[in-house]
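Enquirer: Okay, predicted coordinates and the sequence, questions at the end:
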Amino acid sequence: QVQLAESGGGLVQAGGSLRLSCAASGLTFYTYPMGWFRQAPGRERDLIAAISMSGDNTYYTDSVKGRFTISRDNAKNTVYLQMNDVKPEDTAVYFCAAGLMYSRDVQRGYKYWGQGTQVTVSS
């Protein structure tokens, strides 16, 4: 059974930093692209960052480019999202997800989901 467990969310002031972690189990982690999504109240769940199986390819949505960094440690079955210079509009529930096994497409095909972790940025 695939399980993805996010942690590291919380309340942070604008301009601050936060690091989210997602520990994966029940899958051969290094064979899956991984992504971070977020969903604000009343809005759709959007992909904001993704990373390929080996970590050599990353994707960021425009609103987080230069501020957020996705990384992975395949030895620890964990993917991270380093969030710097956060803004109130970053407030959302953040989800990690695993894509399709062996897929090189980091923007589509997400199949497994975590429960999410709340990030709240105060102004």
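Expert: Good, I have the coordinates.
Enquirer: Am I right that residue 27 is in contact with residue 112?
Expert: Yes: the pair residue 27 / residue 112 is scored as a contact, 7.1 Å apart, by CB atoms under 8 Å. Every C-beta, even on glycine, is put in place using the N, C-alpha and C of the backbone.
Enquirer: Common neighbours of the two, please.
Expert: With contacts taken as CB atoms under 8 Å, 6 or more residues apart in numbering, the residues that reach both residue 27 and residue 112 are 2, 98.
Enquirer: for this protein, what spans make up the helices?
Expert: Counting by DSSP state H, the chain has no helices to list.
Enquirer: So what pairs up with the spatially most central residue of it in the strands?
Expert: Centroid check for the chain by CA atoms, centre = their mean gives residue 36 as the closest residue, at 2.2 Å. With DSSP bridges as the criterion, residue 36 is bridged to residue 49, residue 96.
Enquirer: For this structure, which residues score under the pLDDT cut-off?
Expert: Scanning the chain for pLDDT under 70 picks out nothing.
Enquirer: Do you have the strands of the protein handy? List them.
Expert: 3-7, 10-13, 18-25, 34-39, 46-51, 58-60, 68-73, 78-83, 92-98, 112-113, 117-122 (DSSP state E).
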